[in-house]
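# no letters, just coordinates:
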């Protein structure tokens, strides 16, 4: 089975950098995803990692270490609109469509 | 505009009354999924489909049925809804070989 852990809530200041961690324990691994979800809205895709290392996309970066079962999402130059929940999800081996999500991290950006 | 459309957006129903939540995508995606989202539990996959007539159970399939007779549609059927199926439901679709899934706007279901 899958077990995914993320902090429940985080607070950061506008303009700062924040790192949201995700640890996972899976019976097999075929990729890790990060989604953003604003309150009352649908999740939207942020990033995908399947190999170790850092993937950068604008203000957002995502890191993966498969040996440690660990990922983080890094948000730079925080803006108020970044206040949202950030969902970590893992795809197990042998499937292209099955995804297991963590419970999400609610990020509050303050002035 | 590329989108995943769910209907209805909000529904209040009574225990035992069969209902269907529709999901339609206009991107010709092979993969479609249904999730429910509950406080403290996150998004949990109910069923997924890899193509027409190919479906499989996710993590929480009990009490739900799905069908995939056409590529664009993936309805979620609750034959006999119960209060523990009160939740926010999301449909999603994705193209083969791509990593980004597109989610519908959600259906908030209340079973009383």
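Great, that's in hand. Since the structure is predicted, the reported quantities are computational estimates derived from the model, not experimental observations.

# figure out how far the strand ranked longest in chain A is from the centre of its chain.
In chain A, assigned by DSSP state E, the strand with the most residues is strand A:18-26. With Cα atoms, centre = their mean, to the nearest Å as the basis, strand A:18-26 stands 7 Å off its chain's centre.

# now do the helix or strand following it: distance to the chain's middle.
With elements assigned by DSSP states H and E, the helix or strand that comes after strand A:18-26 is strand A:32-37. Computed by Cα atoms, centre = their mean, the chain-centroid distance of strand A:32-37 equals 5 Å.

# what is strand A:32-37 packed up against?
Contacts defined by 3 or more Cβ pairs under 8 Å, 6 or more residues apart in numbering or on different chains; DSSP states H and E place strand A:32-37 against strand A:18-26, strand A:44-49, strand A:60-65, strand A:70-75, strand A:84-90. Backbone N, C-alpha and C define where each C-beta goes, glycine included.

# most packed of these?
Across the helices and strands packed on strand A:32-37, averaging neighbours per residue (mean count of other Cβ atoms under 10 Å in any protein chain shown) puts strand A:84-90 on top, at a mean of 24.

# that one pairs with which strands?
In the sheet, strand A:84-90 lines up against strand A:32-37 (antiparallel), strand A:100-101 (antiparallel), strand A:105-110 (antiparallel) (DSSP bridges).

# direction-wise, compare the first one with strand A:18-26 and give the angle.
Pointing back at strand A:32-37 there. Here the directions of strand A:32-37 and strand A:18-26 differ by 130 degrees (axes from the mean of the first three to the mean of the last three Cα atoms, to 10 degrees).

# pLDDT on strand A:32-37, on average?
Mean pLDDT, strand A:32-37: 96.

# quick one: it to strand A:44-49, angle?
160 degrees.

# let me know the outermost residue of chain B.
residue B:97 (21.3 Å; Cα atoms, centre = their mean).

# and it, how far from residue A:51?
Residue B:97 is 16 Å from residue A:51, where distance means Cβ to Cβ, to the nearest Å.

# cool, residue B:94 as well?
For residue B:94 relative to residue A:51 (Cβ to Cβ), the value is 20 Å.

# secondary structure element for the residue most central in space within chain B?
Geometric centre of chain B, nearest residue: residue B:34, 3.1 Å, by Cα atoms, centre = their mean. Counting by DSSP H and E, the element that carries residue B:34 is strand B:31-38.

# including mean pLDDT, could the helices and strands packed on strand A:32-37 go into JSON lines?
Formatted as JSON lines, those follow (pLDDT from 0 to 100):
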{"stretch": "strand A:18-26", "mean pLDDT": "95"}
{"stretch": "strand A:44-49", "mean pLDDT": "95"}
{"stretch": "strand A:60-65", "mean pLDDT": "98"}
{"stretch": "strand A:70-75", "mean pLDDT": "98"}
{"stretch": "strand A:84-90", "mean pLDDT": "96"}
